[in-house]
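Enquirer: From the sequence below, what's the structure:
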Amino acid sequence: VLPELRLADPAATQKLTMRHLLTHTSGIDGDIFTDTGRGDDCLERYTELLADAAQNHPLGATFSYCNSGFSLAGRVIEKLTGLTWDRALRERLCTPLGLTSASTLPEEALLLRAAVGHVAEGGADPAPAEIWGLPRSAGPAGLITAGTADVLAFARLHLTGGLGPDGERLLSARSAAAMAAHQTGLPDRDTLGDPGGWAGS
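Expert: Residues are numbered from 1 along each chain as shown. Here you go, the predicted model:
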């Protein structure tokens, strides 16, 4: 799907799957939040940056939370649908589910009731954050704003095995079951020793 993809580890580049990305087992450095702009090509440009990203562990070796992998998964969605990630999410999921408050872009969120975050240092009073959100290229990693009813509708999609509110199948039963199945485990502590009090936790 992404023949142009280059990762630091050539073997990982060749064998990387969506399951690795969605289960945080790709080994790609997960904390890359480089702003690649607000244009519709932001995920394409972000994907190019991953050639310089560290490979923190071998592909599939263990779980390591990976925002970068979710952004890369968003790029795969763009290639498969011919749409931007934002539009694909809206057309393929939000609209069929009848979501009314879900948005991925700040200009969409501002049309609804939206709050600004606050930050405080030490004992100071909280002050409005200077930045409202992360870069657009981090969208697939979690830049979805939604009200409670929309979050519950999304959860209901999974609880019904992939059925929308009108009974239409939006997610295959097989995919819904896979998304609910256990995918990864913690490393065996006997092979790790006792890193910093693990045995006591």
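Enquirer: quick one: low-confidence parts of this protein?
Expert: Along the chain, the parts satisfying pLDDT under 70 run over 186-201.
Enquirer: And the strands in it?
Expert: All strands of the chain, identified by DSSP state E, fall at 118-119, 127-128.
Enquirer: any chance of those strands in a markdown table, with mean neighbour count too?
Expert: From N, CA and C alone the C-beta is placed, and that goes for glycine too. Listed next are those as a markdown table, based on neighbours: other C-beta atoms under 10 Å:
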| stretch | mean neighbour count |
| --- | --- |
| strand 118-119 | 10 |
| strand 127-128 | 10 |
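Enquirer: nearest to Ala155, of those?
Expert: In terms of C-beta to C-beta, the element of those nearest to Ala155 is strand 118-119, at 27.9 Å.
Enquirer: who touches the closest one?
Expert: 126-129 (C-beta atoms under 8 Å, 6 or more residues apart in numbering).
Enquirer: circling back to that earlier point, closest to Met179 out of the strands of the chain?
Expert: Comparing these against Met179 with C-beta to C-beta, the closest turns out to be strand 118-119 (34.0 Å).
Enquirer: Give the pairing partners of that closest one; include direction for each.
Expert: Strand 118-119 sits in its sheet next to strand 127-128 (antiparallel), going by DSSP bridges.
Enquirer: Now do the strand it pairs with: everything it contacts.
Expert: Applying C-beta under 8 Å, 6+ apart, the external contacts of strand 127-128 come out as 116-120.
Enquirer: Would you point out which residue is most central in the protein?
Expert: Residue closest to the average C-alpha location in the chain (C-alpha atoms, centre = their mean): Ala141, at 2.8 Å.
Enquirer: Against Leu72, how distant is that residue?
Expert: 10 Å (C-beta to C-beta, to the nearest Å).
Enquirer: Which elements pack onto the helix ranked longest in the chain?
Expert: Assignment by DSSP state H gives helix 67-81 as the longest helix of the chain. Counting contacts by 3 or more C-beta pairs under 8 Å, 6 or more residues apart in numbering; DSSP states H and E, helix 67-81 packs against helix 18-22, helix 42-49, helix 85-89.
Enquirer: can you list those in a markdown table and add mean neighbour count?
Expert: Converted to a markdown table, the helices and strands packed on helix 67-81 look like this (neighbours: other C-beta under 10 Å):
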| stretch | mean neighbour count |
| --- | --- |
| helix 18-22 | 17 |
| helix 42-49 | 20 |
| helix 85-89 | 20 |
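Enquirer: would you turn these into a markdown table with distance to His57?
Expert: As requested, these are exported to a markdown table (distance: least, C-beta to C-beta, whole Å):
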| stretch | distance to His57 |
| --- | --- |
| helix 18-22 | 11 |
| helix 42-49 | 20 |
| helix 85-89 | 26 |
